[in-house]
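Participant: predicted model, plus sequence, below.
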Amino acid sequence: MTIKKPLNLTRWEGAPVPADGTMVPLLPQLETSPSDFADLSARLRFCPKDGRIWLDDQRMVLLHLSALASLRHELVNSLGTAAARGLLTRMGYASGCKDAQLAKRIRVSDPVAAFLAGPQLHALEGIVSVETVRAEVDLESGHHYGEFIWHSSSEVDAHFAAFGMSAEPVCWMQIGYASGYTSVFMGQPILYREVECRGTGSHHCRIIGKPVQEWDDPNPDMIYLQPDGLASLVMRDGASSQALPVADDKAMPSGLVGASSGFSAVCQLLKKVAPTNATVLFLGETGVGKEMFARTLHSLSKRCDKPFIAINCAAIPENLVEAELFGVERGAFTGAVQSRPGRFERAHGGTIFLDEIGTLNLAAQGKLLRVLQEREIEPVGGTSSRCVDVRVVAATNVNLRQAVQRGEFREDLFYRLNVFPVHIPPLRERREDIPVLVRHFLGKYSLRHGQTVTGVTDRALDYLLDYDYPGNVRELENIIERAVILCPDDGAPLDVAHLFSPGGEVNTPFFGIGQDGFLTNSREPSSAPPPTTSGSAGGVIEQFLSSELPLDALENLIIQAAVERSGGNLAEAARMLGLTRAQLAYRHRKGANEA
Ligand SMILES: [Zn+2]
């Protein structure tokens, strides 16, 4: 099979210029695309009858990540960090070597595509999602330079589960894999290093690799690749094996649930900052649950028995923002017949949460800055100021730094607020939270709507795990609430059909079941051609209008006919009508209920 690959022959930024002034020959920059996985994933075979999983000719095993986390914990505690790191690095190295042999075997025609099979196999095996920054491969000259970003590293998750946040990069096995893979591929020792790691609080991991002799000081990392280095590593490690902090698993106050490393990292930050009076700024997309995190911060703080006042700055008309926040004196403006305390005064002793702070107008920003600096407020129309003791917690889904540059947000206020920024990752970057959240919302809405829903079917959970949630946790919550309402109250679990919104709203996920029985998750509502009144459709419309049949009834008849014609095969009937299987199943059931 020939792999077609876009080759971008631009010189990469920061490329070294040799001392003799000649330019380095241009080498292709590569993009990976998910469609390129097909030849690799076709070699993955599950044979449950034999108790075997095969990746081409290599027997594989499916392991629980939590089991790997336990192993990691035991290794570190019994052997020390350095020795454990050495073992895991070499284990990854061995696996990388095997995959390089596979890559060279199945992508013979194109060495560049063959090399990129490595990152793809790494992703296929569930280890990590890889983004290629730069990949230069020249087998003839032996030149190699690789730079990749790792997203959602499983090893970071395992490390988090065992030890929490780390001071050093933690993707030991994966770095071993990258080094082993590339060394076998290039036929010479290549060393990869992790220059950024999500395990230390970075947004993602970043690795850089080149031939060992091109690194200034490769030894500190090469020692982990030496099979006989174990004894020396145990010695070297000595008392430092306790250096890694063990995560304390104190539960978060009710309402906040999650299981991912991203979620745990945010919780750890909250626990750290909660007892202080520091201003906290929550950053993240709409719907990630910033208010829930703010409430949690409040309930973990010494102010927990004092008020928590939340206010959405975007929801208040601009001319009322100051009155709402700082209060109003009688007669300040027409209609202000009585003095009224603002939210700051009501939050006295406690916490005020200012959501969507980026929407505050400049006048209100000035007053807010004064509260933060002077700890006092001045009501609208008032002549004197009052002292308030309020912890300010704010949130935004816009880039405040850019708003400052555009002159829409005061720079001094930005720095006052940005004391302790906490980034909450979107749900698609912490999918391990989805099952926990589903269970949580299922309980909440079954109770609220008096429904008996026993759980979620496997295929519905598959779908929920696969969806990208542009609306984040809030969208998942809405999907589950709607599904609980749609689900028949007979103790049956939620199924795919219940997740489909009959209204077809913007955020409604679209999904179907392919011929192979696997769920497909397409962003497109349907592949049906756009409606047309030309040709045969015109005749159909004429006939329909003269039949005086209600539209609903016609739809039911068409669906019924399609189901009959396909011999009851809903997937096939769905294809006839340009619907997904789930959409068809929903309408078919709805039609049957109405009949
Ligand atoms: Zn990492």
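Facilitator: Perfect, I can see it now.

Participant: pLDDT (mean, whole number) over stretch 206-219?
Facilitator: Summarised as a single mean, pLDDT over stretch 206-219 is 90.

Participant: now the phi/psi pair for the residue nearest to the spatial centre of the chain, please.
Facilitator: Nearest to the centroid of the C-alpha atoms of the chain, with distances taken as CA atoms, centre = their mean, sits Glu429, at 1.0 Å. Backbone torsions for Glu429, taken as degrees, to the nearest 10, come to phi -100, psi 0.

Participant: name the nearest residue to it, ignoring sequence neighbours.
Facilitator: Gly262 (6.0 Å; CB to CB, 6 or more residues apart in numbering). Backbone N, C-alpha and C define where each C-beta goes, glycine included.

Participant: do the helix or strand the one you found falls within and the ion come into contact?
Facilitator: For Gly262, the element it lies in under DSSP states H and E is helix 261-273. No - on the criterion CB under 5 Å from the ion, helix 261-273 is out of touch with the ion, staying 10.5 Å away.

Participant: what comes into contact with that helix?
Facilitator: The contact list for helix 261-273 (CB atoms under 8 Å, 6 or more residues apart in numbering) reads 156-157, 160-161, 164-165, 198, 201, 247, 250, 252, 256, 258, 280, 293, 296-297, 300, 420, 422-425, 429-430, 432-433.

Participant: selecting buried members of these in PyMOL, what would you type?
Facilitator: Applied in PyMOL, the following selects the buried portion of those according to 16 or more other CB atoms under 10 Å:
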select buried, resi 156+157+160+161+164+165+198+247+252+256+258+280+293+296+297+300+420+422+424+425+429+430+432+433
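
Participant: which of the contacts of helix 261-273 fall in helices?
Facilitator: In this view, the contacts of helix 261-273 that belong to helices under DSSP state H are 156-157, 160-161, 293, 296-297, 300, 433.

Participant: picking up where we left off before, pLDDT wise, what is the residue nearest to Glu429 at?
Facilitator: In this model, Gly262 is scored at 85, pLDDT.

Participant: near it, how many other residues are there?
Facilitator: Using other CB atoms under 10 Å, Gly262 has 24 neighbouring residues.

Participant: swap in Arg581?
Facilitator: Neighbours of Arg581 under the rule other CB under 10 Å: 23.

Participant: would you confirm that it contacts Leu570?
Facilitator: Yes - between Arg581 and Leu570 there is a contact under CB atoms under 8 Å: 5.4 Å.

Participant: near the ion, which residues of this protein are found?
Facilitator: Contact residues (CB under 5 Å from the ion) of the chain with the ion: 153, 171, 197, 205.

Participant: most widely separated two among these?
Facilitator: The span of these, defined through CB to CB, is set by Ser153 and Cys197 at 7.9 Å.

Participant: need the residues touching each of those two.
Facilitator: Joint contacts of Ser153 and Cys197 (CB under 8 Å, 6+ apart) are 171, 205.

Participant: go through stretch 337-346 and flag the buried ones.
Facilitator: Neighbour-count burial for stretch 337-346 flags 340, 342-345 (criterion: 16+ other CB under 10 Å).

Participant: which residue packs closest to Gly359, ignoring adjacent ones?
Facilitator: Quick fix: residue 359 reads Thr, not Gly. Ala314 (4.2 Å).

Participant: so that neighbour: helix, strand or coil?
Facilitator: helix (DSSP: H, G, I helix; E, B strand; the rest coil).

Participant: from Leu354, how far out is it?
Facilitator: Distance from Ala314 to Leu354, counting by CB to CB, to the nearest Å: 10 Å.

Participant: which strand or helix spans whichever residue of the stretch 1-150 of the chain sits closest to the ion?
Facilitator: In the stretch 1-150 of the chain, the residue that lies nearest the ion is Trp150 (6.0 Å; CB to the ion). Using DSSP H and E, Trp150 falls within strand 143-151.

Participant: listing partners with orientation, what would you give for that strand?
Facilitator: The sheet places strand 143-151 alongside strand 129-138 (antiparallel), strand 205-211 (antiparallel), with pairing taken from DSSP bridges.

Participant: buried residues of it, list them for me.
Facilitator: Neighbour-count burial for strand 143-151 [16+ other CB under 10 Å]: 143-150.

Participant: likewise for stretch 429-449?
Facilitator: The neighbour-count check on stretch 429-449 (16+ other CB under 10 Å) flags 429-434, 437-438, 440-442, 445-446 as buried.

Participant: what does stretch 91-103 give?
Facilitator: Of the residues in stretch 91-103, 92-93, 95-100, 102-103 count as buried by neighbour count, 16+ other CB under 10 Å.

Participant: just give me the closest of the ones in helices among the contacts of helix 261-273 to Gly176.
Facilitator: Val156 (15.0 Å).

Participant: quick one: residues contacting that closest one.
Facilitator: Taking CB under 8 Å, 6+ apart as the criterion, Val156 is in contact with 170-171, 197-199, 205, 261.

Participant: for Phe282, helix, strand, or coil?
Facilitator: strand.

Participant: what about it, neighbour count?
Facilitator: The number of residues packed near Phe282 is 27, by other CB under 10 Å.

Participant: same deal with Arg482?
Facilitator: 19.

Participant: please apply the same query to Ala314.
Facilitator: Around Ala314 there are 13 residues (other CB under 10 Å).

Participant: my guess is it contacts Glu356, does it?
Facilitator: Yes - counting by CB under 8 Å, Ala314 does reach Glu356; the two are 4.1 Å apart.

Participant: coming back round to it: for the ones in helices among the contacts of helix 261-273, which one is nearest Arg589?
Facilitator: Nearest to Arg589 among those: Asp433, at 30.7 Å, using CB to CB.

Participant: so what's the nearest residue to that closest one once chain neighbours are set aside up against?
Facilitator: With sequence-adjacent residues excluded and distances taken as CB to CB, 6+ apart, Asp433 is closest to Gly258, at 4.2 Å. Applying CB under 8 Å, 6+ apart, we find Gly258 in contact with 264, 267, 430, 432-433, 436-437.

Participant: mind running it again at 7 Å?
Facilitator: When contacts are counted by CB atoms under 7 Å, 6 or more residues apart in numbering, Gly258 touches 430, 433, 436.

Participant: pipe those residues into TSV and attach distance to Pro218 and pLDDT per row.
Facilitator: Formatted as TSV, these follow (distance: CB to CB, whole Å; pLDDT from 0 to 100):
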residue	distance to Pro218	pLDDT
Arg430	35	87
Asp433	39	85
Val436	42	83
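
Participant: closest to Leu413 among those residues?
Facilitator: Set against Leu413, the nearest of the contacts of Gly258 by CB to CB is Arg430 (30.2 Å).
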